[in-house]
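>>> I need the structure of the sequence given here:
(one chain, ligands or ions: 1)
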Amino acid sequence: MLKINNLTKRYGDKKAVDNLSLHIQKGEIYGFIGHNGAGKTTTIKSCCGILNFDEGDILVDGVSIKDDPLSCKKKIAYIPDNPDLYEFLSGIKYLNFVADVFGVSRQDREERISKYADMFELTKDLAQPINAYSHGMKQKLAVISALIHDPKLIIMDEPFVGLDPKASHLLKQTMREHCDRGGAIFFSTHVLEVAEKLCDKVAIIKGGKLITSGTMEEVKGDASLEHVFLELEGEKDA
Ligand SMILES: Nc1ncnc2c1ncn2[C@@H]1O[C@H](COP(=O)(O)OP(=O)(O)OP(=O)(O)O)[C@@H](O)[C@H]1O
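Numbers count the residues shown, from 1 in each chain. Model prediction:
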């Protein structure tokens, strides 16, 4: 569903991502972990067609994001690390705006908005302007807006930040259901306990380079993901 082939991205002289290759398949929740400044957001923005990159290629469902960004973007939902939404719109206007952009039918959008707004307990707030929302409410709205066009691939940057425990639980459940229906998810997180329980596969990046990747079993064995992460981070410094 998502193939990152030898991705390299520089900011000036600095290589933020260095020859990174990953393959996220249908049905997989794939976690992406690394220290602050490791290159996660840069990779994620490259996958979503927001950031140009210098070398390599990224394929979404077999299509290069360089060659046909629009067809890739139709299949992707992206939740950025900060829910910077259109503050002057109400929640419902924002959701309808996103549904219009993706050409979602009236019936489908009504069903999905009703389902996910009820699930995330945001229905009664949808008439309010977004600038009156808390950080967590904006994050919930960003999650709902991501699900509105029934994307094949969901790419999320730190999706659990700001969500209360119930919303986090619901998001994890929604992520699993999405993958059980044949979708795929690639997301970054610093919450290793969540990654360990939720992800089918995981990749660890440091200084823009992939340190390890594979199934959760392969990467962590009998240890905890936190233990493996700290050990690998330390090893490469030595
Ligand atoms: N617009 C930019 N201009 C210059 N350097 C940048 C820019 N954006 C990111 N960088 C640098 O690229 C590197 C990777 O940053 P990136 O935001 O991808 O890391 P990250 O893994 O997402 O970090 P965090 O966990 O803190 O969000 C860092 O060294 C950062 O300083």
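
>>> how about the strands in the chain?
For the chain, the strands defined by DSSP state E cover 2-11, 14-24, 29-34, 55-60, 63-64, 76-79, 153-157, 184-188, 201-206, 209-215.

>>> Save those as TSV, and put in mean pLDDT too.
TSV is the format used below for the strands of the chain (pLDDT from 0 to 100):
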stretch	mean pLDDT
strand 2-11	97
strand 14-24	97
strand 29-34	96
strand 55-60	97
strand 63-64	96
strand 76-79	94
strand 153-157	97
strand 184-188	97
strand 201-206	96
strand 209-215	95
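
>>> Redo these as a markdown table? Include mean neighbour count and distance to A127.
(Each C-beta comes from the backbone N, C-alpha and C, glycine too.) Compiled in a markdown table, the strands of the chain are given as follows (neighbours: other C-beta atoms under 10 Å; distance: least, C-beta to C-beta, whole Å):
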| stretch | mean neighbour count | distance to A127 |
| --- | --- | --- |
| strand 2-11 | 18 | 36 |
| strand 14-24 | 18 | 37 |
| strand 29-34 | 25 | 33 |
| strand 55-60 | 18 | 35 |
| strand 63-64 | 16 | 38 |
| strand 76-79 | 22 | 23 |
| strand 153-157 | 23 | 26 |
| strand 184-188 | 24 | 30 |
| strand 201-206 | 24 | 40 |
| strand 209-215 | 16 | 44 |
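
>>> now the ones you listed as TSV including distance to A146?
TSV is the format used below for the strands of the chain (distance: least, C-beta to C-beta, whole Å):
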stretch	distance to A146
strand 2-11	15
strand 14-24	16
strand 29-34	15
strand 55-60	15
strand 63-64	20
strand 76-79	4
strand 153-157	6
strand 184-188	11
strand 201-206	21
strand 209-215	24
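
>>> Generate a markdown table for the ones you listed, with distance to the ligand as supplementary columns.
What follows is the strands of the chain, written out as a markdown table (distance: least, C-beta to the nearest ligand atom, whole Å):
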| stretch | distance to the ligand |
| --- | --- |
| strand 2-11 | 3 |
| strand 14-24 | 3 |
| strand 29-34 | 5 |
| strand 55-60 | 15 |
| strand 63-64 | 21 |
| strand 76-79 | 14 |
| strand 153-157 | 7 |
| strand 184-188 | 7 |
| strand 201-206 | 7 |
| strand 209-215 | 12 |
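
>>> which residues of this structure score low on pLDDT?
For the chain, applying pLDDT under 70 flags the ranges 235-238.

>>> if you set the cut-off to 50 instead, what comes out?
The chain contains residues with pLDDT under 50 at 236, 238.

>>> Fine by me, thanks again.
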